[in-house]
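> structure of the sequence below:
(chains A and B)
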Amino acid sequence: DAGITQSPRHKVTETGTPVTLRCHQTENHRYMYWYRQDPGHGLRLIHYSYGVKDTDKGEVSDGYSVSRSKTEDFLLTLESATSSQTSVYFCATLSGTEGFGQYFGPGTRLTVL
Amino acid sequence: RKEVEQDPGPFNVPEGATVAFNCTYSNSASQSFFWYRQDCRKEPKLLMSVYSSGNEDGRFTAQLNRASQYISLLIRDSKLSDSATYLCAVNMNRDDKIIFGKGTRLHILP
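Below is the predicted model of the structure:
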C-alpha cells in the first residue's frame, strides 16, 4: 500500500464546468499517473508525470490537463467537463525501482450531466 | 494495432482447473511487464511482475516471450476467490509510460 488518496471520491457536475481531481501520495514515489476506466475500454492512460513539473501525455489526453508542483500531489483538471468524461478516474504511483509495479488509489467516480 | 491487447473473455472455469491468459504488446522496446488483478468496483492491485526468465508465486506463473512479444499468466488449482479481472500492463519506454490491456474476466465456477 503506497498511501495513495484521491479526492473527491465521488463527484457529479454539469457540462461545461471545470473540475479538478487530486491525487496525494505519502511514499515519495517519483512517477504518478492518471487513468480513466470505462466499460469496454479498460484502463486508459490520460497523463503521467516522471518528476516534479515533468509531465507527458498518455493515450487519451484531449480535454485534460495536469500539474505536479510537489512530489506528493498530482492534479488532473477537466477545463470544461463533457458527458464523455463521465468515468472512473484512477491515480497510480510507481517508485521506479526495477520490478516494482504501480500502486493505485481507490478511484474517483465522476458523473458529468 | 493497439499497444497492449488481451482476450476480454469471460473465461468460465471450474474450480481446481488450470487457466492461462495471454497479452500481446506492440513495442519491441518495452522495458517491463506486470499482471494486475481487479475486483469489481475496486482499484487494480499488482499481482506480479513478469521477469525475462519467468517467475512463479504460489499457484501463479508468469512468462515473457520477447520474440513473439507476449506475456502470459497461468493460474493452477483455481479457487473461487480467483474470480476477478486480470489486467496486463507494459512499460513502454524509459519514461515509464505504462499502458494496460483491457483486461480478461475470469469466473471460477463451483
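
> could you find the closest non-adjacent residue to residue A:46?
In space, and not counting its chain neighbours, residue A:46 is closest to residue A:34: 4.4 Å by Cβ to Cβ, 6 or more residues apart in numbering or on different chains. Any C-beta I mention is one placed from the backbone N, CA and C, and that applies to glycine too.

> same question for residue B:43.
With sequence-adjacent residues excluded and distances taken as Cβ to Cβ, 6+ apart, residue B:43 is closest to residue A:104, at 3.9 Å.

> do residue A:8 as well
residue A:108 is the one closest to residue A:8 (Cβ to Cβ, 6+ apart), at 6.2 Å.

> does the one you found have beta-bridge partners, and which?
Going by DSSP bridges, residue A:108 is paired in beta bridges with residue A:89.

> what about the residue nearest to residue A:46, neighbour count?
28 (other Cβ atoms under 10 Å in any protein chain shown).

> who's in contact with it?
Residue A:34 makes contact with A:21, A:23, A:45-48, A:58, A:64, A:66, A:74, A:76, A:89-91, according to Cβ atoms under 8 Å, 6 or more residues apart in numbering or on different chains.

> pairing partners for the helix or strand that it is a member of, with directions?
Element membership of residue A:34 [criterion: DSSP states H and E] is strand A:31-38. As defined by DSSP bridges, the strand partners of strand A:31-38 come to strand A:42-51 (antiparallel), strand A:87-94 (antiparallel).

> hmm, back to that, per-residue pLDDT, the residue nearest to residue A:8?
We have a pLDDT of 98 for residue A:108.

> picking that back up, would you list the strands paired with strand A:31-38 in CSV and tack on mean neighbour count?
Formatted as CSV, those follow (neighbours: other Cβ atoms under 10 Å in any protein chain shown):
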stretch, mean neighbour count
strand A:42-51, 21
strand A:87-94, 23
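
> mind listing the strands for chain B?
Assigned by DSSP state E, chain B shows strands spanning B:4-6, B:11-14, B:19-25, B:32-38, B:45-50, B:55-57, B:60-65, B:70-75, B:84-91, B:98-100, B:104-109.

> pull the distance from stretch A:68-85 to the chain's centre.
Distance, stretch centre to chain centre, for stretch A:68-85: 7 Å (Cα atoms, centre = their mean, to the nearest Å).

> give me the residues contacting it.
Residues from elsewhere that reach stretch A:68-85 (Cβ under 8 Å, 6+ apart): A:13-26, A:28-30, A:32-34, A:36, A:46-47, A:49, A:51-55, A:63-67, A:89, A:91, A:110, A:112-113.

> 7 Å instead, please
A:13, A:15-26, A:28, A:32, A:34, A:46, A:49, A:52-53, A:55, A:63-67, A:89, A:91, A:110, A:112 (Cβ atoms under 7 Å, 6 or more residues apart in numbering or on different chains).

> can you check stretch A:94-104 too?
By Cβ under 7 Å, 6+ apart, stretch A:94-104 touches A:1-2, A:4, A:29-31, A:33, A:90, A:92-93, B:34, B:43-44, B:46, B:49, B:96, B:98.
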